[in-house]
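Undergrad: Test case, fold it:
(2 chains)
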Amino acid sequence: MPVTLNNISMRELYHTPSHMEVTTTFRYLPGNLQFDQNRESVRFSYAAMANESLANGHLEMLALEQNRARRVRMQSLLAQATHAQQMARSIGSGYYKPSVSPHPWAPILSIGEEHNISLQSMFTNIAPNDGPTD
Amino acid sequence: MTPTDFADKRRQWAHLPAPQIDAMFLMEATAALEAAAKQPTDRQIWTEALRQNLMLWLNIGQTVGKGRNGLPRDIRKKLVKLSEFVKDWSEMAADGSDGTLMRPLIQINNSIANWLFR
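TA: A predicted model of the protein is given here:
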């Protein structure tokens, strides 16, 4: 049974010699793996795993990997934030003044029923960050 | 904010010039973001502020992106990009608890609201 973490195989994820041990362990415990890819996270059930400390080690490695991905995403967003703030300022300091618009003002906001529904679904899958931090 | 709330607000601000009505929505969202930034441990206030602001920005992106809006093309393009940024940032911030996470959203709202008042 191929073991994947958001389409990344365990072999690709772990570049240390111990990854062989990880894949071997998972290979013999296929029924104990639970994936929740919708939340871009992975949960493992180690109920049948004899070596609990080994299981904790694996979970820690996964948490570190997820935190690393979160940091990379954060750095990217921070760079975008600077650009976005400049862009917003550039609109405000530009030539176009809404109060003297040559056209009748078309509202930039027109909230409708269908939009409200799609928004509600956006936050449904976001849970508080209760995972370990490195 | 439900569509009914939205319509009520529009009526409440009907005496204002049209662009300023849009600005008022952004200013309300900004006030909620500022309140959340001051008490980041209150998850309900935090999430609701992000949700309210995101709702406005997703709507701005959809409305100006349709091409029927009378705004110049470059401004519409920028507003759509800002909408995309607000979505990405809000998803990340929803998981956080640092008040400074609200700053970019507040600054963007203030810039656009000030522009709408010009």
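
Undergrad: Doesn't residue A:61 lie inside a strand?
TA: No. Checked against DSSP: H, G, I helix; E, B strand; the rest coil, residue A:61 lies outside a strand; its state is helix.

Undergrad: Excluding chain neighbours, what is closest to the residue nearest the centre of chain B?
TA: In chain B, the C-alpha nearest the mean C-alpha coordinate belongs to residue B:53, at 4.0 Å (C-alpha atoms, centre = their mean). Distance criterion C-beta to C-beta, 6 or more residues apart in numbering or on different chains; nearest residue to residue B:53, sequence neighbours excluded, is residue B:29 at 4.2 Å. C-betas here are computed from N, CA, C, even on glycine.

Undergrad: now for whatever helix or strand that neighbour lives in, which elements pack on it?
TA: Here residue B:29 is covered by helix B:18-38, with elements defined by DSSP states H and E. Helices and strands touching helix B:18-38, by 3 or more C-beta pairs under 8 Å, 6 or more residues apart in numbering or on different chains; DSSP states H and E, are helix B:3-12, helix B:43-65, helix B:103-117.

Undergrad: Let's see that with 7 Å instead.
TA: Judged by 3 or more C-beta pairs under 7 Å, 6 or more residues apart in numbering or on different chains; DSSP states H and E, helix B:18-38 is in contact with helix B:43-65, helix B:103-117.

Undergrad: can you pull the alpha-carbon coordinates of the first one into PDB?
TA: Right, the one you point to is helix B:43-65. Provided in PDB are the C-alpha atoms of helix B:43-65 (Å, rounded to 0.1, in the frame of the first residue of the first chain):
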ATOM      1  CA  ARG B  43     -11.300  33.100  19.000                       C
ATOM      2  CA  GLN B  44     -14.900  34.100  18.200                       C
ATOM      3  CA  ILE B  45     -14.000  37.800  17.800                       C
ATOM      4  CA  TRP B  46     -10.900  36.900  15.900                       C
ATOM      5  CA  THR B  47     -12.600  34.600  13.400                       C
ATOM      6  CA  GLU B  48     -15.600  36.700  13.000                       C
ATOM      7  CA  ALA B  49     -13.500  39.800  12.200                       C
ATOM      8  CA  LEU B  50     -11.600  37.900   9.500                       C
ATOM      9  CA  ARG B  51     -14.800  36.400   8.200                       C
ATOM     10  CA  GLN B  52     -16.500  39.800   7.900                       C
ATOM     11  CA  ASN B  53     -13.500  41.400   6.100                       C
ATOM     12  CA  LEU B  54     -13.100  38.400   3.800                       C
ATOM     13  CA  MET B  55     -16.700  38.500   2.800                       C
ATOM     14  CA  LEU B  56     -16.300  42.100   1.700                       C
ATOM     15  CA  TRP B  57     -13.100  41.400  -0.200                       C
ATOM     16  CA  LEU B  58     -14.300  38.300  -1.900                       C
ATOM     17  CA  ASN B  59     -17.300  40.400  -3.000                       C
ATOM     18  CA  ILE B  60     -15.100  43.200  -4.200                       C
ATOM     19  CA  GLY B  61     -13.100  40.700  -6.300                       C
ATOM     20  CA  GLN B  62     -16.200  39.200  -7.800                       C
ATOM     21  CA  THR B  63     -17.900  42.600  -8.400                       C
ATOM     22  CA  VAL B  64     -15.100  44.500 -10.100                       C
ATOM     23  CA  GLY B  65     -13.800  41.300 -11.800                       C
END
